[in-house]
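K.L.:
3D, please:
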Amino acid sequence: MKKVQIYDPAMCCPTGVCGPGVDPDLTRLASVLHSLEKKGFVVERYNLANEPGAFTENKVINDLLHQSGTEALPAVLVDGNVVKEGEYPTNKEFGEWFEIEPSALEEKKPETPLNFTKL
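P.N.:
Predicted coordinates for the structure are as follows:
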């Protein structure tokens, strides 16, 4: 199985729902990672603000940060090699790495909307 690691820039939380604005890419990523976890896949994720040691201990990431600075974050490694810098992976990329259909990672919406009526 592929080893996928995501090195996030310094953030207060990984979901993107903190602060005054919500980053839709971070909420998509959280949903994709949840879907992958339910399927038995593991993606390691590190936040520069909370886990700086993970950035200094990984030579590939440490070298990348010395070359490109924090603008290279988020950085994604697959089996120890940098495959993406400065943006999060797409569903298609996750699908390729884990050999699953990208549509299996999309958030499923209820087929019929909930109808709440006042009693």
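K.L.:
so which residue is smack in the middle of the chain?
P.N.:
Residue closest to the average C-alpha location in the chain (Cα atoms, centre = their mean): residue 29, at 4.6 Å.
K.L.:
mind checking pLDDT for it?
P.N.:
Residue 29 carries a pLDDT value of 94.
K.L.:
same question, residue 12
P.N.:
According to the prediction, residue 12 has pLDDT 78.
K.L.:
doesn't residue 49 make contact with it?
P.N.:
Yes. Here residue 12 reaches residue 49: they are 7.1 Å apart, a contact under Cβ atoms under 8 Å. All C-beta atoms are positioned from the backbone trio N, CA, C, and that covers glycine.
K.L.:
elements contacting the longest helix along the chain?
P.N.:
When the chain is parsed with DSSP state H, its longest helix is helix 24-38. The contact analysis (3 or more Cβ pairs under 8 Å, 6 or more residues apart in numbering; DSSP states H and E) places helix 24-38 against strand 43-47, helix 91-98.
K.L.:
closest one to residue 66 among these?
P.N.:
Nearest to residue 66, of all these, is strand 43-47, at 17.0 Å by Cβ to Cβ.
K.L.:
so where's this protein shaky on pLDDT?
P.N.:
Scanning the chain for pLDDT under 70 picks out the ranges 14-20, 107-119.
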